[in-house]
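>>> Okay, sequence plus prediction incoming.
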Amino acid sequence: MTLALAVDIGLAMLILAMAGWTIAVRDTFASVIGFVTYGLLLTLVWVRLAMPDVALTEAAMGGGLTGALLIGGAARLRRTEAAVRTERPGMLTRTLAAVLSATVTAALAICVLNLPDPAPTLAPDAAAKLGSTGVGNPVTAVLLAYRSMDTLLEAIVVLLALFGVWSLAHDRFWGGCPQLRTHADSEGILAYFARILPPIGIIVGVYIFWIGADFPGGKFQGATILAAMWLLVIGAGLAYFPPISQAWLRILLVAGPLVFMVIGFAGIVTAGAVFAYPIGFAKPLILAIEIALMPTLVLALALLVAGAPQRMPPQ
Amino acid sequence: MNGPMLFGLCAAALIGFGLYSLIVNPQPLRKIIGFNIIGSGVFLLFGTIARRGAAVGMGGDPVPQALLITGIVVAFSATALAVSLLLRLFDEGGVVTLDNEAAPTETTTDPSDT
Amino acid sequence: MTMPDFLLSAAAFVLVMVALGLIRILRGPEDVDRMMAAQLFGSGGIAALLLLGVATEAKAVIDVALTLALLAAFASVAFVQGISQPDSDDSDDFKETRGK
Amino acid sequence: MKIAWDIFTIVAVMAGSFFFLAGTVGLLRFPDPLTRLHALTKADNLGLGLVVLGLLPQTHWPLDTIKLIAIWLFALLAGATVGQLMACTARRGGGPPK
C-alpha cells in the first residue's frame, strides 16, 4: 500500500499548493482558473477516499457550473480590478489574519488527530434497512428515505437562492430573460460543438440519474450535467433563456418540492409518520420524487448560473 | 498515518488558507473564492470522518456522504447568489468595494448589507 | 509486477506529469496559457482516473471520468467567452444573433 | 491470449503516458501560446486515446467498453473545440483589450 499512500501524499500537497496559489495570485481571472483546477483535484481526492457519489457531484459542480459562474463574474468585474487592489489591508491586519488562520488550522488538526477510535458509523444501520427501501445505493437511500427531510429542504434552499438571484434584477427587467455572454457566430466551431455534444450529454445525464438507485449517481449529478448542456446550447447562441415570468417555468420549478411534500405528508396517513413510505411502495414513491425533482433541479441550477434577468423578451 | 487522516490534516490547512483569503483579499470575488475554499475544507473534513466510518462493505458512512452531496449543491447555490449580488453592486455604481466610505453613491451600500 | 500495480504506477506517472504542467499556471504569462495548463490537467486527470478505476475494479470511477470528460470543455468555453468580450453590450448582442 | 492482451495494454498505456510527458514538456518549454497549444492537443488526443485503447481489453464488455470509448470521443470533441477557440484568443493577443 505504499504506492497508494505516496499518491495520497502527492495529491494532498498538490491541493494545498493549488489552494495557496489561488489565494496568493494577484489577478482574479488567474485565481478563478486555479479554482477550476482545484475542483478537479478535489474530485480525485473523493475518488481516493472511496466516495464515488461525492466525486461525481464535485466533478459536475466544481469543474463545470461553479467554474462557469466564477469566470463569468470575473470577466464582468475585470475593470474594477486595479481600483480594488489599492484597498489591500496593512501589515498588521495581515499578520493578525495569519495568526487567526493558523490557530484555526492547528485546532482543527488537533481534532483530526484525536478522532475517536473506533470511529462511530451509521453504515451498519443503513445497510440493515436497505432492503425495505428497494434501493441498492445506500447514499441514495439516505437522501430519499432515511433523511429525506434534508433533501427536501435542500431543494427548497436551491429555489430560495434562485429567487434571491431573480430579485436582484433591475425593476425594468423583472419577468424578463436572464442572459449569458454569447458568441454571436452561429456558424462557428462553438455552435457546431453545442449541436453535437448535448444530445449525447443528455443521454449521459439521464444515465447517471437512472443508475443512482443502485450505483453511485443520482438526481443531483444528473441534473448538473443536464443543466450544463442547456447552458452550453445557450452560450453558443443557439437558444435563449425563457422569460422568468413564464408559467411553465414556474410550475416546473415548484413541482419537485411540491410532489416531495405531498408524498412526505401523505406518509402520515399511509404509513403513520411524516416522510414514511408504506411498505412495498418505497421504491415507486422514491422514483416519483426523483423524477419530479429532476426538472426543478436542472432549471434551477442552470438559471442560477445565468443570474438575474437582464433584458425583456423580444415582442 | 493513513489516507483519510492525511486528507483530514489537509482539510484543516485548507480551512486556514480560505479564512486568511476571506479576511485579507480586498476583491469581493476573491472573498467568494476564499469562502469556497473554506467550504471545500469543511467538506473534506467531513469526508475524512465519513471514510473512517467505513463498514459492512461500504466505502464510507453513507449518512455524511449524503450530507456532503447536499452540502456541495447548497454551496453552489450560495456562491451563485453571492456572485449575483456582486454583479448588481457593480451595475449600480460601476465599482466593487465593500468599503462603505469609498462607495460612490448611497444605493451601492444596500446590496452588500443584505 | 501485476497488472493492477502497473496501472496504478501509470496513473501516478500521468498525474505527476500533468501536475508538472501546472507550473504553466503559475508562470502564465497570459491567461490563455493558464487555461491550457488547466485543460491538460483535465485530460491527465481523466486518464489517471481511468487507470485507477480499472486497476482497483471500481466501476463507478469510470462514470466520474465520463462526467469530467463531458464537462471538460465547459469551463474553457466560458473562459474564452469571458475573455473575448469583456465589455460587450448584452442587448445588442442579442439582436444581432436573432437577425441571422 | 490473455498474455497477448496484457502486453498490448502495457505497451499502449506506456505510449499514452509518454504523450502526457511530451505534452507537459511542450507546455513548459515551447516559446509561444500557439506552439504550446499544439503540444497540449497531442496529449489530449493521443495520450488519453492510447490510455483508453490500452484499457479496453481490461474492461467488461459492453457497458464499460462503450463508456471508455465515449470518454475518448468527448475528449477529442472538447480538445478540437477548445483548441480552436483558444488559438483565436491567443492570436488576438491573449489578454483582454487594455
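Done, it's in.
>>> phi, psi of A:R311?
phi -160, psi 160 (degrees, to the nearest 10).
>>> again with A:V135
phi -110, psi 140.
>>> Give me the neighbour count for it.
Residue crowding around A:V135 was assessed by other C-beta atoms under 10 Å in any protein chain shown; the count is 22. Where C-beta positions appear, they are placed from N, C-alpha and C, glycine not excepted.
>>> any idea how far it is from chain C?
Using C-beta to the nearest C-beta, to the nearest Å, A:V135 is found at 16 Å from chain C.
>>> and the closest residue to that residue other than its chain neighbours, what is it in contact with?
Once flanking residues are discounted, A:V135 sits nearest to A:A141: 4.7 Å by C-beta to C-beta, 6 or more residues apart in numbering or on different chains. Residues near A:A141 by C-beta atoms under 8 Å, 6 or more residues apart in numbering or on different chains: A:A126, A:K129, A:L130, A:T133, A:V135, B:P62.
>>> one more time with 6 Å, if that's ok
A:L130, A:T133, A:V135 (C-beta atoms under 6 Å, 6 or more residues apart in numbering or on different chains).
>>> Closest one of the residues you listed to C:A47?
Checking those against C:A47 with C-beta to C-beta, the nearest one is A:V135 at 32.5 Å.
>>> is the helix or strand of chain D with the lowest mean pLDDT up against chain A anywhere?
When the helices and strands of chain D are scored by mean pLDDT, DSSP states H and E, helix D:33-42 comes last with a mean of 84. No: using C-beta under 6 Å from any C-beta of the partner chain, helix D:33-42 stays clear of chain A, coming no nearer than 13.6 Å.
>>> Identify the residues contacting the next helix or strand after that helix?
Going down the chain from helix D:33-42, the next helix or strand is helix D:48-55, by DSSP states H and E. Helix D:48-55 has contacts (C-beta under 6 Å, 6+ apart) with C:S43, C:A47, C:L50, C:V54, D:T9, D:A12, D:V13, D:A15, D:G16, D:L68, D:W72, D:A75.
>>> Is it correct that the third one is in contact with C:A65?
Yes: A contact is recorded between C:L50 and C:A65 when judged using C-beta atoms under 6 Å, the distance being 5.2 Å.
>>> Where does pLDDT dip in the chain?
You didn't say which chain, so I picked chain A. A:1, A:181-187, A:315 (pLDDT under 70).
>>> try chain D instead
For chain D (pLDDT under 70), the answer is D:93-98.
>>> Tell me who's in contact with the residue positioned nearest the centre of it.
Residue closest to the average C-alpha location in chain D (C-alpha atoms, centre = their mean): D:D44, at 2.0 Å. Applying C-beta under 6 Å, 6+ apart to D:D44 gives the contacts C:S43, D:A75, D:G79.
>>> again, only this time at 10 Å
C:39-40, C:42-44, C:46-47, C:72, D:19-20, D:23, D:72, D:75-76, D:78-80, D:82-83 (C-beta atoms under 10 Å, 6 or more residues apart in numbering or on different chains).
>>> Please indicate which of the residues you listed are buried?
Neighbour counting over the contacts of D:D44 (16 or more other C-beta atoms under 10 Å in any protein chain shown) leaves C:39-40, C:42-44, C:46-47, C:72, D:19-20, D:23, D:72, D:75-76, D:78-80, D:82-83 as the buried ones.
>>> which of these are close to chain A?
Contacts with chain A within those, counted by C-beta under 10 Å from any C-beta of the partner chain: C:Q39, C:G42, C:G44, C:I46, C:A72, D:A78, D:A80, D:V82, D:G83.
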